[in-house]
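[1] sequence unknown, structure follows:
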Ligand code: AMP
Ligand code: GLY
């Protein structure tokens, strides 16, 4: 069958890399894609939020499966658009309905869902402009640090963690009354700070059955030692070494099962990935966020460890037969390191030529912000390439990724040299 992937990052290149290995894939399209996906698939220049253009592309190219990479089109209802369009109804769209996508699109909705289904999460309350004063009083009842979350999508920037009460009150006001994060902060969730170590669990679900994919841990801060501004992610490791069988069983019983059962009980159409961000506090896992898609760069370490045919898994997801397929996982560990443009996550240059890619042999290079210009591969984003290696353990995998990064070059290139630093 012909397949379309929506998106343009390292996540989408990893999906493309995995999907072309399937005997079920005839032609693969990526929209809009990057220079890496152009090497293994056909890039189509369109916006992931332009549903009319996507429909045309699907019909013109006889596409039977669409895999949605980023959250934006999901939150805007691409799954509903496909389900409601007569000519697209049979196309296997992998991604939750708009109602399902609200688990990421609204922090308040996610918290209500967790409360309704008894899923462990930090205590919280939600506030709007009208209840600003109550919000300030609520802050007074909490211990620092204070966690303020814009309700809506804010490109990963909508969470503030503050040590000072007066500053927290001021920021709450900035969010609610001065639109600090635009409409995303018209509502704000204030929650208790959880002190622990973060990890992510990925689930593929058809709304009834589920498969737990490999765990991963990403490194969000730009600076070494987890300092500086938050980014989309500077590197990742899978599996998470401290997750033993007991902890995983607890995560499945107290978080994964009730989440899927909750979707089922609420009759929410959910055929896709559920990415559960967790904080482990003394071996007690709490949910800090749901995402309704795979993570980036987590996908770059999770997918290379999946041995099963991904197209078969996705088809079973759409047909609600996920219980009938087997998920086989590679025992080896995977590590990825992101190389980024200097200045990211703030302003950075684009159009710098990247050299050395063909010299890398032991690692897989997933392109993120790259494009082709006059036959050359040039930078086209903040996060540029993800260098993934599979090896016996994460330390060996990391060592090889770092050795191979040395072969790469572009002006302003930067990467964190301490991915995994907190694990040993
Ligand atoms: P979120 O977008 O909800 O994942 O939040 C972004 C980041 O803020 C997370 O990756 C955590 O590092 C941190 N964070 C969010 N909520 C909490 C919390 N309740 N306690 C401690 N850290 C948090
Ligand atoms: N790496 C975090 C995310 O994809 O949301």
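    Sure thing, it's come through. Bear in mind that the values here come from a model prediction, so they are computed numbers and not experimental data. Ligands and ions are numbered 1, 2, ... in the order given.
[2] helix, strand, or coil at the residue nearest the centre of the chain?
    Residue closest to the mean C-alpha point of the chain, counted by C-alpha atoms, centre = their mean, is residue 295 at 2.0 Å. Following DSSP: H, G, I helix; E, B strand; the rest coil, residue 295 is assigned to coil.
[3] please report how far it lies from residue 200.
    Separation of residue 295 from residue 200 (C-beta to C-beta, to the nearest Å): 6 Å. C-beta: built from backbone N, CA, C; applies to glycine.
[4] okay, and the common contacts of those two?
    Counting by C-beta atoms under 8 Å, 6 or more residues apart in numbering, the contacts common to residue 295 and residue 200 are 216, 218, 275.
[5] just checking, which of those residues belong to strands?
    With DSSP state E as the criterion, strands contain 218, 275 from among the shared contacts of residue 295 and residue 200.
[6] for the helix or strand where residue 93 lies, which strands pair with it and how are they oriented?
    Following DSSP states H and E, the helix or strand that holds residue 93 is strand 92-94. If you go by DSSP bridges, strand 92-94 pairs up with strand 63-68 (parallel).
[7] of the shared contacts of residue 295 and residue 200, which is the nearest to ligand 1?
    Nearest to ligand 1 among the shared contacts of residue 295 and residue 200 is residue 218, at 8.7 Å by C-beta to the nearest ligand atom.
[8] thought that closest one was touching residue 295?
    Yes. With contact defined as C-beta atoms under 8 Å, residue 218 counts as touching residue 295 (6.4 Å).
[9] give me the common contacts of the two.
    In contact with both residue 218 and residue 295: 200, 233, 236, using C-beta under 8 Å, 6+ apart.
[10] which among the residues you listed end up buried?
    200, 233, 236 (16 or more other C-beta atoms under 10 Å).
[11] export those to JSON lines and tack on distance to ligand 1?
    Shown next, in JSON lines, are those (distance: C-beta to the nearest ligand atom, whole Å):
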{"residue": "200", "distance to ligand 1": "9"}
{"residue": "233", "distance to ligand 1": "10"}
{"residue": "236", "distance to ligand 1": "13"}
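[12] so which of these are also by ligand 2?
    Near ligand 2, judged by C-beta under 6 Å from any ligand atom, the entries from those are residue 233.
[13] what does this structure put close to ligand 1?
    122, 147, 149, 159, 191, 193-194, 198, 220, 277, 288-289.
[14] could the residues you listed go into CSV alongside secondary structure, pLDDT and distance to residue 33?
    As requested, the residues of the chain next to ligand 1 are exported to CSV (DSSP: H, G, I helix; E, B strand; the rest coil; pLDDT from 0 to 100; distance: C-beta to C-beta, whole Å):
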residue, secondary structure, pLDDT, distance to residue 33
122, coil, 95, 38
147, strand, 93, 36
149, strand, 91, 32
159, strand, 89, 30
191, strand, 95, 37
193, coil, 96, 40
194, coil, 96, 38
198, strand, 92, 30
220, coil, 92, 25
277, strand, 97, 27
288, strand, 96, 31
289, strand, 95, 27
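[15] nearest to residue 111 among those?
    residue 191 (7.7 Å; C-beta to C-beta).
[16] hang on, that closest one packs against residue 122?
    Yes. Counting by C-beta under 8 Å, residue 191 touches residue 122, with 4.3 Å between them.
[17] what touches both of the two?
    By C-beta under 8 Å, 6+ apart, the residues touching both residue 191 and residue 122 are residue 147.
[18] make CSV out of the residues of the chain next to ligand 1 and add neighbour count.
    CSV is the format used below for those (neighbours: other C-beta atoms under 10 Å):
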residue, neighbour count
122, 18
147, 20
149, 27
159, 17
191, 20
193, 15
194, 19
198, 16
220, 16
277, 16
288, 21
289, 18
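[19] any chance of CSV for the residues you listed, columns distance to ligand 2?
    CSV is the format used below for the residues of the chain next to ligand 1 (distance: C-beta to the nearest ligand atom, whole Å):
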residue, distance to ligand 2
122, 18
147, 17
149, 14
159, 11
191, 18
193, 20
194, 18
198, 10
220, 7
277, 8
288, 11
289, 8
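[20] got the residues of the protein near ligand 2?
    Checking the chain against ligand 2 by C-beta under 6 Å from any ligand atom, the hits are 218, 232-233, 291, 295-296, 298.
[21] I figured residue 323 hits residue 209, correct?
    Yes. With contacts counted by C-beta under 8 Å, residue 323 reaches residue 209, the gap being 4.3 Å.
[22] wait, doesn't residue 51 sit right on residue 78?
    Yes. Residue 51 lies in contact with residue 78 (C-beta under 8 Å); the separation is 6.1 Å.
[23] so for these two, which sits in the more crowded spot?
    Using other C-beta atoms under 10 Å as the criterion, residue 51 and residue 78 rank with residue 78 on top: 24 against 18.
[24] how much space separates the more buried one from ligand 1?
    With distances taken as C-beta to the nearest ligand atom, to the nearest Å, residue 78 is found 22 Å from ligand 1.
[25] please renumber so the chain begins at 13
    Yes, from this point I'll number from 13; that puts the last item at residue 90.
[26] where's residue 32 relative to ligand 2, distance?
    23 Å.
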